[in-house]
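Trainee: Provided below for reference: sequence and predicted model.
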Amino acid sequence: MNDMEYLDVVDELGNPTGQIVERTIAHEKGIRHRTSHVWIIRKKEKLEILLQLRSKEKDSFPSCFDISTAGHIPAGCSYVESAIREAKEELGIEIDEKKLIYCGKQNREFKGEFHGNVFHDVQISNVYCYYLDQDQFTVQKEEIEKVVWMSFDDCVNGVKHNLFNNCIFMDELELIENTLKQISLENYL
């Protein structure tokens with residue numbers, strides 16, 4: 001992680017205000033910023049979702065299962081270009097922008113402490129799905145311990161009943177599920 005990563009400060013709708021803030025300051029003071037979330041999915045016997053196990057060294061939610069690939073949006077960048085960049089950096093995959101499935105926007109606030117430091121995260125995220133039937137990924141070892149495919153139903157049940165260590169929000173899984181019910185995956189294959 002870059003020590004001096006600058007983010008756009010955004011309003012309640014996720015629009016940049018013209019101000020920027022260093023990432024660690026944003027997390028110390030709870031300054032609203034943007035992230036992109038991409039959930040990699042595939043259809044085998046059942047719908048499956050790719051989860052990453054965050055590195056134990058991460059500044060937040062170490063050793064937790066999380067979104068397939070996600071990241072903060074550097075100042076001046078867009079949601080989509082950040083989603084594409086993060087997928088390349090974290091998983092070694094090339095995302096075709098035309099096949100990104102927009103699921104919606106999430107407003108999230110979290111207050112906690114990790115590694116003895118205050119962590120107050122206020123973010124607005126664009127949430128996407130991306131269809132990719134692949135088993136081999138080149139994970140960014142500084143960020144990710146490993147990735148695993150899990151059936152979507154097992155993921156939902158596991159998050160709902162806290163059956164595995166995760167930092168996944170149920171409402172985001174519901175957003176994905178509702179989006180997938182409204183589209184035909186064949187359009188994205």
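Mentor: Thanks, I have it. Remember, it's a predicted structure, so these values are computed and weren't measured experimentally.
Trainee: you'd agree Met4 is up against Ile20?
Mentor: No - when contacts are counted by C-beta atoms under 8 Å, Met4 is not listed as touching Ile20 (11.2 Å). Quick note: C-beta positions are derived from backbone N, CA and C, even for glycine.
Trainee: More neighbours: which of the two?
Mentor: Ile20 (15 against 7; other C-beta atoms under 10 Å).
Trainee: show me the residues around the more buried one that make contact.
Mentor: The neighbourhood of Ile20, defined by C-beta atoms under 8 Å, 6 or more residues apart in numbering, consists of 6-9, 75.
Trainee: and with 6 Å instead?
Mentor: Contact analysis of Ile20 by C-beta atoms under 6 Å, 6 or more residues apart in numbering lists 6, 8, 75.
Trainee: Surely it is in a strand?
Mentor: Yes - assessed by DSSP: H, G, I helix; E, B strand; the rest coil, Ile20 belongs to a strand.
Trainee: so how far is His33 from it?
Mentor: Per C-beta to C-beta, to the nearest Å, Ile20 is found 9 Å from His33.
Trainee: Next: Asn107.
Mentor: From Asn107 over to His33 the distance is 12 Å, taken as C-beta to C-beta.
Trainee: Settle it for me: which of those two has more neighbours?
Mentor: Taking other C-beta under 10 Å, Asn107 and His33 do not tie; His33 has more neighbours (24 against 12).
Trainee: show me where pLDDT drops low in the chain?
Mentor: 1-3, 185-189 (pLDDT under 70).
Trainee: All the strands of it, residue numbers only.
Mentor: Listed in chain order, the strands of the chain (DSSP state E) span 6-10, 16-22, 33-43, 47-54, 65-66, 69-72, 101-114, 117-131, 144-151.
Trainee: would you turn those strands into a markdown table with distance to Gly92?
Mentor: Below are the strands of the chain laid out as a markdown table (distance: least, C-beta to C-beta, whole Å):
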| stretch | distance to Gly92 |
| --- | --- |
| strand 6-10 | 24 |
| strand 16-22 | 28 |
| strand 33-43 | 12 |
| strand 47-54 | 12 |
| strand 65-66 | 17 |
| strand 69-72 | 10 |
| strand 101-114 | 21 |
| strand 117-131 | 14 |
| strand 144-151 | 10 |
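Trainee: of all those, which lies closest to Ala83?
Mentor: strand 33-43 (3.9 Å; C-beta to C-beta).
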